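Asks: Predicted model and sequence below, questions to follow.
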Amino acid sequence: MAFFYLCRSKQKQMSNREIRVRFAPSPTGPLHIGGVRTALYNYLFAKKNGGKFILRIEDTDQTRFVSGAEEYIIEAFGWCGIRFDEGVTKGGKYGPYKQSERKAMYSEYAERLVASGHAYYAFDTAEELTTQRKNFEAEKKTFTYNAAERKHLKNSLVFSKSETQKLLQSGTPFVVRFKMPEDHVVRMHDLIRGEVIVNSNVLDDKVLFKSDGMPTYHLANVVDDHLMKISHVIRGEEWLPSLPLHVLLYEAFGWDAPQFAHLPLLLKPDGKGKLSKRDGDRLGFPVFPLQWTDPKTGETSSGYRESGYFPDAFVNMLALLGWNPGDEREVFSLEEMAEAFSIDRVGKSGSRFDPEKAKWFNHQYMQKKSNKELAAQFLPLIEKEGVMADMDYVEKVVGLVKERAHFVHELWEQSGFFFKAPASFDPKAVKKRWKQASYDQMMELKELLSGVGDFSSENTETVVKKWIEEKEYGMGAVMNAFRLLMVGALKGPHLFDIIALLGQEETLRRLEIGLFELGKKE
RNA sequence: GGUCCGUUCGUCUAGCCAGGUCAGGACGCCAGGUUUUCAUCCUGGUAACACGGGUUCAAAUCCCGUACGGACUACCA
């Protein structure tokens, strides 16, 4: 009965509360694909449930600030097509959305916790604590600022009220620490992992408010999520160990906690550990959505955008790393994914990224794109090769060759011969296909094609094949030699489609050039 | 070391919560087919329940243990 009631009340609470989720990166560098995926799941969850998706910048650590990082993050989401409903640059009624701009309010919340006995002032310096840790380590023990140790340290729990007041008023640097309750069983519910239970004795008195006047992540995150009315916190698994602290903080404030979901990590493909920013390019594929140049070292890491991935293919691939729709669909748009998304179809274990599958996705998307769109992206590459091409012509070329390419940048390799007559002939192909009879046959073919009025693919194919049959030439021998003269190699689409596009004049010209270049083989 | 989390083909995964299917799909790889060539494409194949106990008529599925992997263990997020 009690269980039933619990379920019902939870249901009710869920349906009444507006769904609001946030992605809260700290601007310490470029966002890697794991971060993008976390944001994507938040976005999908919000869209699916008709909620709001918020971008909050967590810049409470001024020492780790990296210039350009915030702009990078915003640009990356723009490229991915992930749109925010509220946040930095976007605004909203719960702003400001950058924690450094909210600085003034956090101390009040820290004080509130001290006043209610849930937190206390600590005056130990960083150096003193380091020494403590070393001493403990020497005895093979681990120093923890907890109930057992705090009574031997410098804090308002051991000092008298007046002593504490004096220290505070004299401007002695201090931090505010959470007073972790003793022997308290913390029960938490995670949307992905279910029940997680931990005893508070293994937890420590985390710093909530730093001596530089800024809150730590733990305080800022709880205060802001509450103030911004966040309903679900969907974040990386690396936060799971601090979940008890966060839950206890909500309790201490007397606030309703949001629901939590801790996402499995994206793993390094070469085995060990979670993917990190430092993996840069050493893995042989980008770990960042956009190219990034470190402002300090000048070191550049490649991005998916610059590597030629389509944003929709990239996002699609990423979404399927840890989530699946429950049916066998793999290729779908952001809208379709949002429609299909649900937290309980997110897996529990970490995933390794597969570069081969990423390429396959891009190929799939490439086939779905219109020839016009691809041609527009291809045009600059053609111009780089020194060719001025007509858009209609490029579109037709793209239509013929796109199925054999994974990326737009592979298009030139597949279709260069449509724009430039072969400058050389692949020696292997010449050896294999330019035989004794080839010269005379191509001579005849030239004659034949110069007399054709309708140069459509269908018609030239009929005419040429009929001629080959009548003369009893080998189909393979003639066609390959012909291809060699048109393309310069034994590759490319249907040959009659090629010459139809090239046109009669160019076809004859290439035959002539080829005959001259390769000559008669004795 | 301590705490927590995890473990199905090489990779991404379905199946697990409500035990009973030859453990399904995709990428990759291999073979065959289509093609005048290369690629695409089509067909087929390859390959997995970490291990050990227990519960049960029956376990990938429930329970316990072991191993392995991972995260966390800062006045970083």
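Replies: Sure thing, it's come through.
Asks: residue contacts, A:Ala220?
Replies: Neighbour list for A:Ala220: A:58, A:60, A:99, A:102, A:106 [criterion: Cβ atoms under 8 Å, 6 or more residues apart in numbering]. For glycine as for every other residue, the C-beta is placed from the backbone atoms N, C-alpha and C.
Asks: phi, psi of the second one?
Replies: Listed backbone geometry of A:Thr60 is phi -80, psi -10, with angles given as degrees, to the nearest 10.
Asks: Please name the residues that touch the residue nearest to it when sequence neighbours are not counted.
Replies: In space, and not counting its chain neighbours, A:Thr60 is closest to A:Met214: 4.7 Å by Cβ to Cβ, 6 or more residues apart in numbering. Contact analysis of A:Met214 by Cβ under 8 Å, 6+ apart lists A:60-62, A:100, A:103, A:106.
Asks: From these, which land in helices?
Replies: A:103, A:106 (DSSP state H).
Asks: Sort out which of the contacts of A:Met214 are buried, if you could.
Replies: With burial judged by 16 or more other Cβ atoms under 10 Å, the buried subset of the contacts of A:Met214 is A:60-61, A:103, A:106.
Asks: contacts with RNA strand B among the contacts of A:Ala220, please.
Replies: Among the contacts of A:Ala220, the residues that sit close to RNA strand B (Cβ under 7 Å from any atom of the strand) are A:58, A:60.
Asks: of the contacts of A:Met214, the lowest pLDDT goes to which?
Replies: Among the contacts of A:Met214, A:Gln62 has the lowest pLDDT, at 89.
Asks: hang on, isn't A:Thr300 packed against A:Leu290?
Replies: No. Taking contacts as Cβ atoms under 8 Å, A:Thr300 lies outside contact range of A:Leu290: 11.3 Å.
Asks: So which residues of chain A form strands?
Replies: Taking DSSP state E to define them, one finds strands in chain A at A:20-23, A:52-55, A:86-87, A:119-122, A:175-178, A:185-190, A:194-199, A:207-209, A:232-236, A:259-263, A:266-267, A:292-293, A:300-301, A:351-352.
Asks: Around RNA strand B, pick out the residues from the stretch 1-150 of chain A.
Replies: In this structure, the stretch 1-150 of chain A approaches RNA strand B at residues A:24-26, A:28, A:58, A:60-61, A:64, A:124-126, A:129, A:133, A:142, A:144-145, judged by Cβ under 7 Å from any atom of the strand.
Asks: okay if I get the contacts of A:Met214 as a markdown table plus distance to A:Asn49?
Replies: Output for the contacts of A:Met214, formatted as a markdown table (distance: Cβ to Cβ, whole Å):
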| residue | distance to A:Asn49 |
| --- | --- |
| A:Thr60 | 29 |
| A:Asp61 | 32 |
| A:Gln62 | 36 |
| A:Ser100 | 30 |
| A:Lys103 | 32 |
| A:Tyr106 | 30 |
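Asks: Low-confidence stretches in chain A?
Replies: For chain A, applying pLDDT under 70 flags the ranges A:1-16, A:271, A:280, A:521-522.
Asks: Tell me how it divides into domains.
Replies: A:16-87+A:221-267, A:103-209, A:277-365, A:369-418, A:427-518 (automatic domain parsing).
Asks: Packed most tightly, which of those would that be?
Replies: Mean neighbours per residue, mean count of other Cβ atoms under 10 Å, is largest over the domains of chain A for domain A:16-87+A:221-267, with a mean of 20.
Asks: And A:Val66, how far from RNA strand B?
Replies: To RNA strand B, A:Val66 is 12 Å away according to Cβ to the nearest atom of the strand, to the nearest Å.
Asks: re the thing from before, so which of the residues of the stretch 1-150 of chain A next to RNA strand B are in helices?
Replies: Using DSSP H, the subset of these located in helices is A:126, A:129, A:133.
Asks: got the residues of the stretch 401-522 of chain A near RNA strand B?
Replies: Listed as neighbours of RNA strand B in the stretch 401-522 of chain A under the rule Cβ under 7 Å from any atom of the strand: A:403-404, A:475-476, A:479-480, A:482-483, A:490-496.
Asks: Hmm, A:Pro215 is touching A:Val207, no?
Replies: No. Taking contacts as Cβ under 8 Å, A:Pro215 lies outside contact range of A:Val207: 9.3 Å.
Asks: Redo the strands of chain A as CSV? Include distance to A:Lys368.
Replies: Below are the strands of chain A laid out as CSV (distance: least, Cβ to Cβ, whole Å):
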stretch, distance to A:Lys368
strand A:20-23, 28
strand A:52-55, 26
strand A:86-87, 31
strand A:119-122, 56
strand A:175-178, 52
strand A:185-190, 37
strand A:194-199, 39
strand A:207-209, 50
strand A:232-236, 29
strand A:259-263, 28
strand A:266-267, 26
strand A:292-293, 29
strand A:300-301, 29
strand A:351-352, 25
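Asks: out of those, which comes closest to A:Arg510?
Replies: A:Arg510 lies closest, by Cβ to Cβ, to one member of the strands of chain A: strand A:300-301, at 41.6 Å.
Asks: Indicate each strand paired with the closest one and its parallel or antiparallel sense.
Replies: Paired strands of strand A:300-301, with direction, are strand A:292-293 (antiparallel) (DSSP bridges).
Asks: what's the spacing between A:Tyr109 and A:Ala257?
Replies: Taking Cβ to Cβ, to the nearest Å as the measure, A:Tyr109 falls 15 Å from A:Ala257.
Asks: again with A:Glu71
Replies: From A:Glu71 to A:Ala257 the distance is 33 Å (Cβ to Cβ).
Asks: before we move on, what about A:Glu108?
Replies: Look at A:Glu108 and A:Ala257: by Cβ to Cβ, they are 20 Å apart.
Asks: what does A:Ala24 give?
Replies: Separation of A:Ala24 from A:Ala257 (Cβ to Cβ): 16 Å.
Asks: thinking again about what came up before, looking at the strands of chain A, which is closest to A:Lys465?
Replies: Proximity to A:Lys465 (Cβ to Cβ) singles out strand A:351-352 among those, at 50.6 Å.
Asks: Could you spell out the sheet neighbours of that closest one, each with its direction?
Replies: Strand A:351-352 has its sheet partners listed here by DSSP bridges as strand A:266-267 (parallel).
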